[in-house]
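**Q** Predicted structure and sequence below. I'll ask about it afterward.
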Amino acid sequence: MSDRISYEERKELPDSVYGLPERREYPMPDAAHVRAAEAYFRYCPEDLKPKLARAILDRAKEYGVDVESPTVLSYASK
């Protein structure tokens with residue numbers, strides 16, 4: 001899978017793979033997308049950052065990805 005998900009592919013993804021499932025934003029169906037979510041974390045609305053950070057860490061653990069962003073790590077503990 002490439003690092004781009006088409007609109008059709010996004011429609012097929014379950015809510016559970018999204019960092020923000022209620023908004024269907026930050027899809028993380030694989031390790032590459034976990035890294036992308038970490039990279040784009042700064043664009044997340046401030047009030048949703050703790051939730052997204054925890055989702056990134058959960059998915060990272062599932063795919064064996066090391067989250068290195070101190071920002072993501074600090075928000076995950078809030």
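**A** Cool, got the structure.
**Q** Validate this expectation: Gly19 resides in a strand.
**A** Yes: inclusion of Gly19 in a strand is indicated when DSSP: H, G, I helix; E, B strand; the rest coil is applied.
**Q** Surely Ala53 and Arg42 touch.
**A** No: checked against C-beta atoms under 8 Å, the pair Ala53 and Arg42 is beyond contact range at 11.5 Å. No exception for glycine: its C-beta is placed from N, CA and C like everyone else's.
**Q** out of these two, which sits in the busier spot?
**A** Regarding Ala53 and Arg42, a neighbour count based on other C-beta atoms under 10 Å identifies Ala53 as having more, with 25 against 10.
**Q** So that one versus Pro70, what's the distance?
**A** 11 Å (C-beta to C-beta, to the nearest Å).
**Q** Ser16 too?
**A** In terms of C-beta to C-beta, Ser16 sits 27 Å off from Pro70.
**Q** And what about Arg23, helix, strand or coil?
**A** Here Arg23 is coil, with the state taken from three-state DSSP.
**Q** Distance of it relative to Ala31?
**A** On the measure of C-beta to C-beta, Arg23 and Ala31 end up 22 Å apart.
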